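[1] Quick check, what structure comes out for this input:
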Amino acid sequence: MALRFETRASDSLWVDTVWTCTSEQVAEMTSVAAVCWGLVFWEREGTAYASITGPETRTGTAPVPEGATFVGIEFAVGTSLRAVPMPALVDRGVELPDATHRSFRLDGIRWETPGPDDAEALVDRLVRSGAVVRDPLVTEVRRGRHPAVSERTVERRFRAATGLTQGAVRQIERARKASALLAAGVPVADVVSRIEYFDEPHLARALRRYVGRTARQLRKGTGGAIALDLDQPTTS
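    Alright, predicted model coming up:
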């Protein structure tokens, strides 16, 4: 196996998932559309790196060098960085300067580089310092509530906080959920019905755009390495 990729959920309201990856040889990984921004830390040949990753609106491919180890933190939708506008991060990333094995620089402050078990502790410090912030209106909307403001205001603040429209977030999350269900062996017709796609071609187009896999590939586990944990439990 060229890549070993694992994710775990987080109890933090500020964190969506924490992931790790180890590359045993040069590989190419399918990147998947994502609604979260993140921090990624990796090492290769004795050199440390750190970067901010933004939400991704489409699938693509990413080369992974041999002998690299990664730790990533995916932040919850509605959180953002004080120093970087979220729309500026969509479909791109920012390499952070002066990264070492011990620390990295963000928002003008040096922080201790986390391991996979230290991610939430780092996030707590970032939140307390004000480097990571949250728009409570977006949190309300994500919980299904209807704030007493206009729909235009909701959409403007949602896009400012996430870099994406509400519709884009729903489409990406739906395609990712469909992928997990297909990988778990749920029949295609049941996935179409359960997640309310119009028909199987509609599902196929969404998978092609956001995941880079066909339903058959997801069910059979073929197509190569993919930046999506398809072993996570799913709910109906």
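[2] Give me the pLDDT for the residue lying farthest from the centre of the chain.
    Most distant from the centre of the chain: A148, at 29.6 Å, with distances by Cα atoms, centre = their mean. We have a pLDDT of 90 for A148.
[3] neighbours of R219, just the number please.
    17 (other Cβ atoms under 10 Å). The C-beta positions use only the backbone N, C-alpha and C, and glycine is treated the same way.
[4] Test my guess that it contacts L181.
    No - if you go by Cβ atoms under 8 Å, R219 and L181 don't touch, sitting 9.9 Å apart.
[5] Tell me which stretches of this structure form strands.
    Along the chain, the segments classed as strands by DSSP state E run 3-9, 15-23, 27-31, 38-44, 47-53, 60-64, 69-75, 79-81, 93-95, 103-106, 109-112, 132-134.
[6] neighbouring strands for the longest one, and are they parallel or not?
    For strand 15-23, sheet partners with direction are given as strand 3-9 (antiparallel), strand 69-75 (antiparallel), following DSSP bridges.
[7] Export those as CSV, with columns for mean pLDDT, distance to V192 and mean neighbour count.
    Shown next, in CSV, are those (pLDDT from 0 to 100; distance: least, Cβ to Cβ, whole Å; neighbours: other Cβ atoms under 10 Å):
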stretch, mean pLDDT, distance to V192, mean neighbour count
strand 3-9, 86, 26, 15
strand 69-75, 96, 27, 21
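[8] Dump these to a markdown table, plus distance to V132.
    A markdown table is the format used below for the strands paired with strand 15-23 (distance: least, Cβ to Cβ, whole Å):
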| stretch | distance to V132 |
| --- | --- |
| strand 3-9 | 19 |
| strand 69-75 | 7 |
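[9] A48 and R105 touch, don't they?
    No - contact criterion Cβ under 8 Å: A48 and R105 do not qualify, at 12.0 Å.
[10] Identify the contacts common to the two.
    Residues touching both A48 and R105 (Cβ atoms under 8 Å, 6 or more residues apart in numbering) are A99.
[11] Quick one: list the elements packing against the lengthiest helix in the chain.
    Ordering each helix of the chain by length in residues (DSSP state H) puts helix 166-183 first. On a contact count with 3 or more Cβ pairs under 8 Å, 6 or more residues apart in numbering; DSSP states H and E, helix 166-183 meets helix 151-162, helix 188-194, helix 200-210, helix 215-220.
[12] Pull the first one out as CSV, backbone CA atoms only.
    The C-alpha atoms that make up helix 151-162 are tabulated as CSV, following Å, rounded to 0.1, in the frame of the first residue of the first chain:
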residue,chain,number,x,y,z
GLU,A,151,-31.8,35.4,3.6
ARG,A,152,-29.4,37.7,1.8
THR,A,153,-27.7,38.5,5.1
VAL,A,154,-27.5,34.8,5.9
GLU,A,155,-26.0,34.0,2.5
ARG,A,156,-23.5,36.8,2.7
ARG,A,157,-22.3,35.9,6.2
PHE,A,158,-22.2,32.2,5.3
ARG,A,159,-20.0,32.8,2.3
ALA,A,160,-17.7,35.1,4.3
ALA,A,161,-17.3,32.5,7.0
THR,A,162,-16.9,29.5,4.8
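[13] Buried residues of it, list them for me.
    V154, R157, F158, R159, A161, T162 (16 or more other Cβ atoms under 10 Å).
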